[in-house]
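Student: predicted model and sequence below, questions to follow.
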Amino acid sequence: MGSLGVEEISNSNSVISLQEFVKNKPITSIPKHYFRQDLEYHQTPPSNGDVLPITTPTIDMARLVSGEDNHHHLELDKLHSTCKDWGVFQLVNHGVKSSVVEKLKNELEEFYNLPMEERMKYKIKPGEHEGYGNIGREDGKRDWADSIEHKATANMVKERMTVAFFVNPKFEAEVGPSPSLINPKNPPLFKRVGMEQYVRDYFVRRPYGKTYLQHMRIENGEDNVNKTSYIEN
């Protein structure tokens, strides 16, 4: 069995091709498309008896939506501090059955075990961002996007599966300032808009550099009446 050279991989225009290459040929070094010299290298320190293992914070969804004020506010404070100090947490009691999660994992594994010709039926089409494949950077580096940072420590023993979700209110909802923050001395600074319109306008304005949040801002002299708004599920 021959080894796979770095240049052979680096000259490949698709991450899909790399997946096929490594099935039959071992990789002797890290391809340059996967090596980010602009990022600080992180190495997990060796564990010993004097160092306690790091435990990811957990947030209880049931407590967040609980009608009991004490539980609700305590969990809300915990969520606030966790987002500020950690930026990541494990969500428990979220209502999604474990069988659904396992089914999702199994479906993904089955998809990636399909022959290449079957997977290519779902490849990303020109001009689109959804589908099977990789959306590369202009410099060819394999990355999420300049606005999203995703780091993980590789495990030499077992696979790691990452499934990303974008969570939004339903399209029938309305977004804007929370009513609890609005009063005569503190008028709303942002407009009220339906979620569907918000998403549509966000992607229309996105390429032009102006953030959509600025577009939502109520300009000086604009009528503030009935501008109080909120997210309603």
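Tutor: Sure thing, it's come through. Numbers count the residues shown, from 1 in each chain.
Student: worst mean pLDDT across the helices and strands of this structure, which element?
Tutor: Sorting the helices and strands of the chain by mean pLDDT, DSSP states H and E puts helix 6-10 at the bottom, at a mean of 46.
Student: where in the chain is pLDDT low?
Tutor: 1-21, 24, 30, 33-53, 129, 134-155, 205-211, 220-233 (pLDDT under 70).
Student: and for Tyr132, the neighbour number?
Tutor: The tally of other residues near Tyr132 (other CB atoms under 10 Å) stands at 15. For glycine as for every other residue, the C-beta is placed from the backbone atoms N, C-alpha and C.
Student: find the nearest non-adjacent residue to it, please.
Tutor: Tyr122 (4.4 Å; CB to CB, 6 or more residues apart in numbering).
Student: can you give me phi and psi for that neighbour?
Tutor: For Tyr122, the backbone dihedrals (degrees, to the nearest 10) come out as phi -110, psi 20.
Student: hmm, it is touching Glu128, no?
Tutor: No - assessed by CB atoms under 8 Å, Tyr122 is found out of contact with Glu128, at 11.5 Å.
Student: neighbour count for those two, which is higher?
Tutor: Taking other CB under 10 Å, Tyr122 and Glu128 do not tie; Tyr122 has more neighbours (13 against 9).
Student: give me the distance between the closest residue to Ile124 other than its chain neighbours and Arg119.
Tutor: Nearest non-adjacent residue to Ile124, counting by CB to CB, 6+ apart: Gly131, 3.7 Å away. Distance of Gly131 to Arg119, computed by CB to CB, to the nearest Å: 10 Å.
Student: same question for Glu196.
Tutor: For Glu196 relative to Arg119 (CB to CB), the value is 32 Å.
Student: who's more crowded, the two?
Tutor: Comparing Glu196 with Arg119 by other CB under 10 Å, the one with more neighbours is Arg119, at 16 against 13.
Student: and the helix or strand hosting that one, what other elements does it pack with?
Tutor: In this assignment (DSSP states H and E), Arg119 forms part of helix 116-119. Packing partners of helix 116-119 (3 or more CB pairs under 8 Å, 6 or more residues apart in numbering; DSSP states H and E): helix 15-24.
Student: which ones are touching Glu109?
Tutor: Neighbour list for Glu109: Met161 [criterion: CB atoms under 8 Å, 6 or more residues apart in numbering].
Student: same thing with Asp201?
Tutor: Val193, Tyr212, His215.
Student: part of a helix, is it?
Tutor: Yes - Asp201: assigned to a helix according to DSSP: H, G, I helix; E, B strand; the rest coil.
Student: which element follows the longest helix seen in the chain toward the C-terminus?
Tutor: Secondary structure of the chain per DSSP state H: the longest helix is helix 69-85. Later in the chain than helix 69-85, the nearest helix or strand by DSSP H and E is strand 90-92.
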